[in-house]
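A.B. asks: Any chance you could fold what I've pasted below:
(chains A, B, C and D)
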2 protein chains.
Amino acid sequence: MNEAEVLTMLGALSQQTRLQIVRFLMRCGDTGASAGEVGQEVGATSSRASFHLSALENAGVITSERQSRHIYYRANPAGMGALVSFLLNDCCDNHPDVRACCGVVSSCC
Amino acid sequence: MNEAEVLTMLGALSQQTRLQIVRFLMRCGDTGASAGEVGQEVGATSSRASFHLSALENAGVITSERQSRHIYYRANPAGMGALVSFLLNDCCDNHPDVRACCGVVSSCC
DNA sequence: TTAACACTTCAAGAGATATTGAGATATGAA
DNA sequence: TTCATATCTCAATATCTCTTGAAGTGTTAA
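C.D. replies: Reported below is the predicted structural model:
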């Protein structure tokens, strides 16, 4: 994961509506949720939800799959894992105090 | 760490110059670096460096301490740890695939 | 006190991003 | 085919953020 990808992902997450969307989709698990359900959950119009879902998908935080007339969005654990891994390893230079805070015991990814 | 604090921290990190500053200060460790040194490292004017350092300090990513005419900035591992912890626990709902990616074995903070 | 240095704050302009509503596209049912 | 539903795209506006340079604050030394 290079710096540009990390910046895109951090930027995508640093917005209230989008952070809410990610938290919701993480709770939804493999089932995922349609754009309409996502919009309803976070109190957004469909075009606003669509805009934010695009940003999140573009950043690699979520994925989408069309099923008949619905498009189901799902959280992408691998993407979030890569971000966390970058923060711990590259950004924080494997600082033990940072790793200790989250129960990280071995070096990673 | 509440949602507003997380958003502030993610926003602070989602900018190239500021991400560079954090990485540099993490490498500097307890010694830290002055605003001038930071600016030189990331290729920023003094006012630009000061602007970004303020944003990072305000977000809790770094700390500052005046020593005579210099102000020394240091990375704040506890702040970064809290952010990573939030991402793993709250945001990702303790999703095992996310935790696995970084060698996280126990639940945390 | 005066001067030099290190850093911060302020204001202004440029650029990026968020929100909204209207219209377009895609799918499935009648 | 026609209609209804689900979602996306587009343009306009508003808001936020970054950068720059000038002016201000605080510290040390002469």
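
A.B. asks: in chain A, which ranges drop under the pLDDT threshold?
C.D. replies: Per-residue confidence of chain A (counting by pLDDT under 70) places the weak regions at A:103-109.

A.B. asks: Now the most centrally placed residue in it. Nearest residue, chain neighbours left out?
C.D. replies: When chain A is reduced to its mean C-alpha position, the closest residue under C-alpha atoms, centre = their mean turns out to be residue A:61, at 3.3 Å. For residue A:61, ignoring the flanking residues on the chain, the nearest one in space by C-beta to C-beta, 6 or more residues apart in numbering or on different chains is residue A:79 at 5.2 Å. To be clear about C-beta, it is placed using only N, CA and C from the backbone, and glycine gets the same treatment.

A.B. asks: Could you say which helix or strand holds that neighbour?
C.D. replies: For residue A:79, the enclosing helix or strand under DSSP states H and E is helix A:77-86.

A.B. asks: Can I get that helix in CSV? Just the C-alpha atoms.
C.D. replies: Taking only C-alpha atoms (Å, rounded to 0.1, in the frame of the first residue of the first chain), the coordinates of helix A:77-86 have been written out as CSV:
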residue,chain,number,x,y,z
PRO,A,77,-11.8,-6.0,5.8
ALA,A,78,-8.6,-6.4,3.7
GLY,A,79,-8.6,-2.8,2.8
MET,A,80,-9.1,-1.6,6.4
GLY,A,81,-6.5,-4.1,7.5
ALA,A,82,-4.0,-2.8,5.1
LEU,A,83,-4.6,0.8,6.4
VAL,A,84,-4.2,-0.3,10.0
SER,A,85,-1.1,-2.2,9.0
PHE,A,86,0.3,0.9,7.3
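
A.B. asks: tell me the contacts of residue A:13?
C.D. replies: Residues near residue A:13 by C-beta atoms under 8 Å, 6 or more residues apart in numbering or on different chains: A:19, A:22, A:59, A:61, B:10, B:14, B:91.
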